[in-house]
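Here's a sequence, model it:
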Amino acid sequence: MDIQKLAQNHLLKGLQAGHLQLIEKSGKSIQVPPHETVIYEDRPNEYIYLIVSGSVNVMLPDASGHTGVPLANLKPGDCFGEYSFVDHQPPNTRVLVAEPTELFQLRHSELEALLESNPAIGHKIYRNLLTHLVDRLRDSNAELEMFRV
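Okay, here's the model as predicted:
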């Protein structure tokens with residue numbers, strides 16, 4: 001894995017090269033073909049995924065369990081699986097690969113151990129994660145604002 005590609009991810013913003021190397025050792029790069037489901041709703045998820053190349057679609061399945069409503073298209077620099085990292089709950093969305101995609105996969109337990117053992121990394125990643133989640137919340141609020149009369 002090219003550490004420079006990892007450094008471009010929002011979750012890892014501001015980390016030093018040595019910290020990025022520790023992150024790299026804690027995870028693995030995977031290649032995922034189009035149309036493959038990476039995360040299923042209501043099934044435990046134990047990974048955070050960083051998008052290195054390609055893209056994925058986040059979908060809210062309909063009541064019958066079909067693909068349903070598209071919520072977001074995530075691209076390089078984005079991550080997903082972070083909600084389950086924070087609250088240890090199964091996701092309520094499905095993530096489908098849109099095109100050939102390289103993901104960097106970090107197991108929640110290994111990431112937690114790394115963050116606890118290295119406060120400098122933990123501070124940066126938790127700060128980035130909080131900023132990322134607040135940005136998503138603001139985007140959702142802006143979308144809901146369109147429906148106000």
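
contacts, neighbours, all on C-alpha from now
Will do.

so what's the residue nearest the centre of the chain up against?
By Cα atoms, centre = their mean, the chain has its centre lying nearest to F80, at 1.8 Å. Residues counted as contacts of F80 (Cα atoms under 8 Å, 6 or more residues apart in numbering) are I48, Y49, L50.

And the average pLDDT for the biggest helix by length in the chain is what?
Secondary structure of the chain per DSSP state H: the longest helix is helix 119-145. The average of the pLDDT scores along helix 119-145 is 89.

Tell me the buried residues in that helix?
Using 16 or more other Cα atoms under 10 Å as the test for burial, helix 119-145 gives I121, G122, K124, I125, N128, L129, H132.

So what's the gap between that helix and the chain middle?
Here helix 119-145 is found 12 Å from its chain centre; the criterion is Cα atoms, centre = their mean, to the nearest Å.

again, but for stretch 23-41
Its chain's average C-alpha position is 10 Å from that of stretch 23-41, according to Cα atoms, centre = their mean.

for stretch 97-114, same thing?
The gap between the average C-alpha position of stretch 97-114 and the chain average comes to 7 Å, counting by Cα atoms, centre = their mean.

out of the buried residues of helix 119-145, who's nearest N9?
Of all the buried residues of helix 119-145, the one with the least separation from N9 (Cα to Cα) is N128, at 10.0 Å.

The closest residue to T67 other than its chain neighbours: what's it in contact with?
The shortest distance from T67 to any residue other than its chain neighbours is 4.8 Å, reached at P61 (Cα to Cα, 6 or more residues apart in numbering). P61 makes contact with E41, T67, G68, V69, T93, R94, according to Cα under 8 Å, 6+ apart.
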